[in-house]
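*Asks:* Next comes the sequence, and after it the predicted model I'd like to discuss.
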Amino acid sequence: MIIILFFIAHWYLSLFCQTFFHHRYAAHAAFTMSKGWERFFFILSFIFQGSSYLSVRAYAVMHRMHHAYADTELDPHSPAYSKNIFDMMWRTYKIYSGIYNRTIATDEKFNKNVPDWPVFEKIAGSNLARLFWVVAYTWFYVAYASSPWLFLLLPVQILMSPVHGAVINWYAHKYGYKNFEMKNTAENLLHVDFLMLGESYHNNHHKHASSVNFGFKWHEIDPVYIVILGLSKLGVIRIPKQRPVPIVTVAGEMNTVENQEKENVY
């Protein structure tokens with residue numbers, strides 16, 4: 001039971017950092033924060049993502065590329081150009097590594113105002129740091145696993161962040177439903193996103209990338225949006241007034257001018 005609780009906690013805490021800090025803040029600048037709070041979330045991401053810590057800069061650049069080139073050969077992770085989910089993950093890893101190590105040239109527009117803390121990211125993304133977390137997770141499993149089958153969760157735990165990305169980048173481009181017709185295959189994977197903290201409203205997100213709220217229809221509850229509103233009230237972050245929040249009726253009808261907005265990148 002302890003292992004299950006540990007896995008669930010790690011799943012959601014790691015995912016929160018990815019969607020709140022890496023995705024909505026770093027990639028799309030959906031809200032702003034002070035440099036002090038930014039560094040706080042860098043450190044929090046390292047703690048919660050652990051062995052699968054993602055470079056904030058590399059993630060943001062790669063994700064902007066995904067929006068700009070969705071479902072084309074230049075897309076870092078499109079099911080249309082991969083044989084299976086593992087092939088897509090490997091392609092994503094190679095492009096991510098190239099951006100992280102600065103061996104892949106990227107258009108300057110993708111690097112604009114991306115949060116970067118080079119010294120910290122060099123430490124957090126080092127092999128030594130990843131090994132530390134792998135050893136810590138393994139020790140925890142050895143100490144508390146009540147059954148051998150629980151060790152099947154350990155590889156997922158070690159690769160948690162890439163697993164999160166693969167769930168959306170593969171399945172939400174193949175299955176689900178659409179609120180908006182676009183020139184890509186992004187779909188809303190779940191009607192109520194209890195699993196991916198709002199990330200599975202992928203069709204909505206591709207239509208309105210800079211929106212802080214990924215849910216548009218009445219049933220599309222985005223739990224991270226609720227946290228964002230709370231942090232805004234506390235003064236931790238600031239949501240720019242020029243970014244409209246979609247207002248949706250119970251019938252699911254959009255009644256905001258953002259409904260006419262074209263698909264955007266960031």
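*Replies:* Happy to help now that I have it. Numbering: from 1, shown residues only.

*Asks:* for residue 215, phi and psi?
*Replies:* Taking degrees, to the nearest 10, you get phi -90, psi 140 for the backbone angles of residue 215.

*Asks:* now it: how far from residue 179?
*Replies:* The gap separating residue 215 from residue 179 is 10 Å, by CB to CB, to the nearest Å. Any C-beta I mention is one placed from the backbone N, CA and C, and that applies to glycine too.

*Asks:* buried sites along stretch 215-222?
*Replies:* Neighbour-count burial for stretch 215-222 flags 215-217, 220-222 (criterion: 16 or more other CB atoms under 10 Å).

*Asks:* What of stretch 61-71?
*Replies:* Buried residues in stretch 61-71, counted by 16+ other CB under 10 Å: 61-67, 70-71.

*Asks:* what's the overlap in contacts for residue 215 and residue 179?
*Replies:* Common neighbours of residue 215 and residue 179, counting by CB atoms under 8 Å, 6 or more residues apart in numbering, are residue 204.

*Asks:* and residue 25, helix, strand or coil?
*Replies:* Following DSSP: H, G, I helix; E, B strand; the rest coil, residue 25 is assigned to helix.

*Asks:* which residues sit in contact with it?
*Replies:* By CB under 8 Å, 6+ apart, residue 25 lies in contact with 31, 33, 41, 115, 237.

*Asks:* Repeat that for residue 192.
*Replies:* 219-221.

*Asks:* one more time with 10 Å
*Replies:* 200-201, 215, 219-221 (CB atoms under 10 Å, 6 or more residues apart in numbering).

*Asks:* Would you mind listing the two of these that lie farthest apart?
*Replies:* For the contacts of residue 192, the farthest-apart pair by CB to CB is 200 and 219; their separation is 12.8 Å.

*Asks:* Overlap of the contact sets of the two?
*Replies:* With CB under 10 Å, 6+ apart, residue 200 and residue 219 have common neighbours 191-193.

*Asks:* Specify which member of these is nearest to residue 90.
*Replies:* residue 193 (26.6 Å).

*Asks:* that older thread, the buried residues of stretch 61-71 in helices, which ones?
*Replies:* Among the buried residues of stretch 61-71, DSSP state H puts 61-67 in helices.

*Asks:* right, and out of those, which lies closest to residue 79?
*Replies:* residue 66 (12.2 Å).

*Asks:* any idea which helix or strand of this structure has the worst average confidence?
*Replies:* helix 108-111 (a mean of 92; mean pLDDT, DSSP states H and E).

*Asks:* Contacts for that one, please.
*Replies:* 27, 57, 60-65, 67-68, 99, 265-266.

*Asks:* between these, which is nearest residue 87?
*Replies:* residue 62 (17.0 Å).

*Asks:* Let's see the pLDDT reported for the closest one.
*Replies:* According to the prediction, residue 62 has pLDDT 97.
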